[in-house]
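A.B. asks: My questions are about this predicted structure, shown below with the sequence.
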Amino acid sequence: MRQINSICIIDDDPITVFGIKKILSTVVDCKNINTFKNGKLAIEGIQHTLDAHEEIPDIIFLDINMPIMDGWEFLDAFIKLSIDKIVKINIITSSIDPFDMHKSEIFRQKTKHAISFRNKPISKKEIQEITIAA
Amino acid sequence: MLKETKTDVLDYLVKQLPKATAFINAKLEIVYVSDKWIEDFNFADKSIIGTPIYELFDTIDDDKRALLERCLLGMPKQVVTESYVDETNREKWFEWTYTPWFDASENIIGLILQTDLVCEKVSLEQEVERLELLVKTKSEIAKIGSWEYDAINDSLGWCEMTRTIHEVPKSYIPSIEEAINFYKEGTSRTAISKIVKDAIKNGKPWSKRLQLVTAKGKEIWVVVSGKPRYTKGKFVGLIGTFQDVTSHIKSEIKTKESEHLLRTVIDNLPLNVFIKDLNNRKTLVNQSECNYLGVKSPEEVLGKTDFDFYDEATALISHEEDFRVIHQLKPILGKEYISIKKDGTTTSFLSSKIPLFNEEGGVTGIVGFSLDISHIKQKEEEMRNLINVTSLQNKKLINFAHIVSHNLRSHTANFSMLLEFLMNEKDEAEKQNILNMLADASDNLLETLDNLNEVVAINTNTNLTKQPVRVTDKVIHVQQNLSAFLKKHKAKIINKIPVDLTINGIPAYVESILMNFITNAVKYQHPNRDPRIELNASQSEHQTTISISDNGLGIDLAKYGDKLFGMYKTFHEHSDARGIGLYITKNQIEAMNGKISTESEVNKGTTFNIYFNETD
């Protein structure tokens, strides 16, 4: 099974978090999976990791519609952090608004991090794809 | 001797006669002549005594000689006019009188010839002849005939032209009654009879246009004029002219008809039509233009300029346009402009101005057409507003569709994922766990549907009628409903809204809005102080403003301002935050045609201002 050091899931919906975790457990070997209920908590957590010189997540699963700080605001803050490696950020949303897709495209061009856009529900096959390349 | 003497005496007497006189004997030889006679015919250096008269004058031809012979035989006095060309080739006219010369026993022994120079008399006659010709020519060209009524002999004379106009033969001689009967029965004939009678009786001259039926039955128009003639103060008849004016009348009628037609057309056009001269003065306006300018007849407008009717700015623009059209000879077509009259009335026009040319191709002014398009403009404005409202609603609808889609999708995504897990799960405990999650997902879906239903209800229940709502009653009611909640959080409500203040709204919505804001104010209270909520109101002619201020956490509006009233947007870490309250509140306010604004400072508090429209 593929080994991944650190994965981060940012979503306010516990069922989605449960689902992603459950699928991940079947496709990768990762001891370090962190979950955050919104963008604000996530960016604080990652900042903390950065400050403590700990492992930055290799893969991030990011929801868009969240309270306090949504996915876009998180991305805004995240791409400003000085992170050396390329992080795979996977936007997983139930929004099919073309505007959201377009917005992800803009972010893709603004950062070195790999950003992808997928609709819920996420399948096992998609998670396999995401994890293979990392 | 005696005879000699007698002859000498006679000779001497005749010589001195003041009138040119010659005595000739039966052989037509000159016997005696007066000096005047010799002078008139220039015989001074000729010996003419004893010379036959016909030898002296070429003009005495055989006819004249025969006449002289007849006089010798006793024919009474004859007068003959003859021309005589003298040595200088000047023609002179003389009137000769031949009178028999009797001796003492009444025997004709010769003739006494007297001559008078009649040059002037003859040229006068010629002048009359010339004038007559002129009159005749004139009458033929102008088709003006003449007539004369001799009252003494009761006879009527028509000239050739008058007869031609009547279409009668040259020999026709009318009586006055017949002449009158040529006039068309009715008005014309009655008129001429009365006029003629009046002229004879009262000496009244006239000129009248009447209808006449010619001898050949043709109906024509004539102008007949006349005046009485007097000799030594006594009425002797009538004299006058007679003119065929049919073609003139016909073209006059035709001109009048086309003028009338043109006038009818322009007066009934739903367009303002006007013509201006080179000095911008109006020379023609139609009924629409009169109505627009607020005058009864065109006479009140003619000769005036735009400065007499419009405000300075409008008149100036129009004046410049006129100038351009006249000097560049280029029409202005279909230009939209707003015209303001002196009384402030504003009208939108679609206007054209076209240069006007005379037959020689010179510009004489402009002709203008203006179509009042105020109502179209108003419709356009209404349409634009409608489009704005519609596009706003459309935007809201799309937004709502995305919300619905998003919310339903998030639940169904969970269902499908959990079901897949369930199908592949072997572990019974995990299976139970997944089933519990499915139950939660189902509850969430139901709640979401309830929320969406509520929003749909607000937006579709537009037939809920607005009515006066006393705000204080609603505040008290909300306070009662929330009493336990308020008490628990030690919240204090200060209501500064006047007791009698009413707003135009839907009672249930007003209560719901108040409930939501008060609940929020308490829910998002500042941890360091007890909630304090103040309600205020201000009223103007068009709207009432209700303000709800709290001393809570406050919201960073720079960051969240545009999302504050969005669905499922929450900004505070609070377990109760569902992100639906403000969305519904906003929908309710908008359903009442109201508006909302927010002022907030983090850690100090928030004020929501709700504007109720009182005009509809």
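C.D. replies: Perfect, thanks for sending it.
A.B. asks: Which positions in chain A make contact with chain B?
C.D. replies: A:13-16, A:18-19, A:22, A:65, A:67-68, A:94-97, A:119-122 (C-beta under 8 Å from any C-beta of the partner chain). Heads up, the C-betas are built off the backbone N, CA and C, glycines and all.
A.B. asks: What subset of these is buried?
C.D. replies: A:13, A:15-16, A:18-19, A:22, A:65, A:67-68, A:94-95, A:97, A:119-122 (16 or more other C-beta atoms under 10 Å in any protein chain shown).
A.B. asks: re earlier: can you list which of the residues of chain A next to chain B are found in helices?
C.D. replies: Using DSSP state H to define helices, the subset of the residues of chain A next to chain B located there is A:14-16, A:18-19, A:22.
A.B. asks: so can I have TSV of the residues you listed showing pLDDT?
C.D. replies: Below are those laid out as TSV (pLDDT from 0 to 100):
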residue	pLDDT
A:P14	89
A:I15	90
A:T16	91
A:F18	93
A:G19	92
A:K22	92
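A.B. asks: if we can go back for a sec, quick check: the farthest pair among the buried ones among the residues of chain A next to chain B?
C.D. replies: Spatially, the most separated pair among these is A:K22 and A:D97, at 27.6 Å (C-beta to C-beta).
A.B. asks: just checking, A:I9 touches A:I33?
C.D. replies: Yes: applying C-beta atoms under 8 Å as the test, A:I9 and A:I33 come out as touching, 6.8 Å apart.
A.B. asks: How about the contacts made by B:I373?
C.D. replies: For B:I373, the contact set (C-beta atoms under 8 Å, 6 or more residues apart in numbering or on different chains) comprises B:336, B:348-350.
A.B. asks: and of these, the nearest to chain A?
C.D. replies: Of all these, B:E336 has the smallest distance to chain A: 38.9 Å, by C-beta to the nearest C-beta.
A.B. asks: hang on, that closest one packs against B:T347?
C.D. replies: No: B:E336 lies out of contact with B:T347 (C-beta under 8 Å); the separation is 11.4 Å.
A.B. asks: Comparing those two, which shows the higher neighbour count?
C.D. replies: B:T347 (17 against 12; other C-beta atoms under 10 Å in any protein chain shown).
A.B. asks: Dump the host helix or strand of the more buried one to CSV, keeping only the CA atoms.
C.D. replies: Following DSSP states H and E, the helix or strand that holds B:T347 is strand B:346-357. C-alpha atoms of strand B:346-357 as CSV (Å, rounded to 0.1, in the frame of the first residue of the first chain):
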residue,chain,number,x,y,z
THR,B,346,-41.4,68.7,-20.9
THR,B,347,-42.0,66.7,-24.0
SER,B,348,-39.9,64.1,-25.9
PHE,B,349,-40.0,64.5,-29.6
LEU,B,350,-38.7,62.6,-32.6
SER,B,351,-38.0,65.5,-35.0
SER,B,352,-37.0,66.2,-38.5
LYS,B,353,-36.0,69.5,-40.1
ILE,B,354,-35.8,69.8,-43.8
PRO,B,355,-34.6,72.9,-45.9
LEU,B,356,-37.4,74.5,-48.0
PHE,B,357,-36.6,75.7,-51.5
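A.B. asks: List the strands paired with it, with their directions.
C.D. replies: Strand pairing for strand B:346-357, using DSSP bridges, gives strand B:332-340 (antiparallel), strand B:363-372 (antiparallel).
A.B. asks: is it possible to export the contacts of B:I373 to CSV including pLDDT?
C.D. replies: Formatted as CSV, the contacts of B:I373 follow (pLDDT from 0 to 100):
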residue, pLDDT
B:E336, 91
B:S348, 93
B:F349, 93
B:L350, 93
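A.B. asks: If you go by neighbour count, which of those residues are buried?
C.D. replies: Applying 16+ other C-beta under 10 Å to the contacts of B:I373 flags B:348-350 as buried.
A.B. asks: So B:I49 lies in a helix, does it not?
C.D. replies: No: B:I49 is assigned coil when assessed by DSSP: H, G, I helix; E, B strand; the rest coil, not a helix.
A.B. asks: what number of residues lie near B:D86?
C.D. replies: 11.
A.B. asks: ok, and the closest non-adjacent residue to it?
C.D. replies: Take B:D86 and drop its neighbours on the chain: the residue closest to it by C-beta to C-beta, 6 or more residues apart in numbering or on different chains is B:N42, 5.6 Å away.
A.B. asks: Am I right that that neighbour is in contact with B:E87?
C.D. replies: Yes: contact criterion C-beta under 8 Å: B:N42 and B:E87 qualify, at 6.1 Å.
A.B. asks: Comparing the two, which residue is more hemmed in?
C.D. replies: Taking other C-beta under 10 Å, B:N42 and B:E87 do not tie; B:N42 has more neighbours (12 against 6).
A.B. asks: how about residue 113, what does it touch?
C.D. replies: Using chain A. Neighbouring residues of A:H113 by C-beta under 8 Å, 6+ apart: A:78-79, A:83, A:86-89.
A.B. asks: try again with chain B
C.D. replies: Counted by C-beta under 8 Å, 6+ apart, B:L113 has contacts B:21-24, B:53, B:96-99.
A.B. asks: same check, this time on B:P331
C.D. replies: Counting by C-beta under 8 Å, 6+ apart, B:P331 makes contact with B:325, B:352-355.
A.B. asks: can you rerun that using 6 Å?
C.D. replies: Contact analysis of B:P331 by C-beta atoms under 6 Å, 6 or more residues apart in numbering or on different chains lists B:I354.
A.B. asks: And it, how far from B:V367?
C.D. replies: Distance, B:P331 to B:V367, using C-beta to C-beta, to the nearest Å: 9 Å.
A.B. asks: in the stretch 101-250 of chain B, what residue is nearest chain A?
C.D. replies: For the stretch 101-250 of chain B, C-beta to the nearest C-beta, closest residue to chain A: B:K250, 80.8 Å.
A.B. asks: Repeat that for the stretch 151-300 of chain B.
C.D. replies: In the stretch 151-300 of chain B, the residue that lies nearest chain A is B:P270 (50.2 Å; C-beta to the nearest C-beta).
A.B. asks: For B:E289, see how far away that residue is.
C.D. replies: 12 Å.
A.B. asks: Comparing these two, which shows the higher neighbour count?
C.D. replies: B:E289 (24 against 7).
A.B. asks: Hmm, the more buried one is touching B:N272, no?
C.D. replies: Yes: counting by C-beta atoms under 6 Å, B:N272 is a contact partner of B:E289 at 4.2 Å.
A.B. asks: Quick check: closest non-adjacent residue to B:T598.
C.D. replies: Excluding its sequence neighbours, the residue lying closest to B:T598 (C-beta to C-beta, 6+ apart) is B:F608, at 5.7 Å.
A.B. asks: how far is the strand or helix carrying the one you found from where the chain is centred?
C.D. replies: Per DSSP H and E, B:F608 falls inside strand B:605-613. Counting by C-alpha atoms, centre = their mean, to the nearest Å, strand B:605-613 is centred 59 Å from the centre of its parent chain.
A.B. asks: same thing with stretch B:365-385?
C.D. replies: Relative to its parent chain, stretch B:365-385 has a centroid offset of 20 Å by C-alpha atoms, centre = their mean.
A.B. asks: Ok, stretch B:91-110 next?
C.D. replies: 87 Å.
A.B. asks: Over to stretch B:368-386?
C.D. replies: That offset, for stretch B:368-386, works out to 24 Å (C-alpha atoms, centre = their mean).
A.B. asks: Now that stretch: average pLDDT?
C.D. replies: For stretch B:368-386, the per-residue pLDDT values average out at 92.
A.B. asks: repeat for stretch B:125-133
C.D. replies: 80.
A.B. asks: How about B:K296, nearest residue that isn't a chain neighbour?
C.D. replies: Nearest to B:K296 is B:C290, by C-beta to C-beta, 6+ apart, at 7.1 Å.
A.B. asks: How about A:S104?
C.D. replies: By the measure of C-beta to C-beta, 6+ apart, the closest residue to A:S104 outside its immediate chain neighbours is A:F117, 4.3 Å from it.
A.B. asks: got a list of what that neighbour touches?
C.D. replies: So A:F117 contacts A:91, A:101, A:104 (C-beta under 6 Å, 6+ apart).
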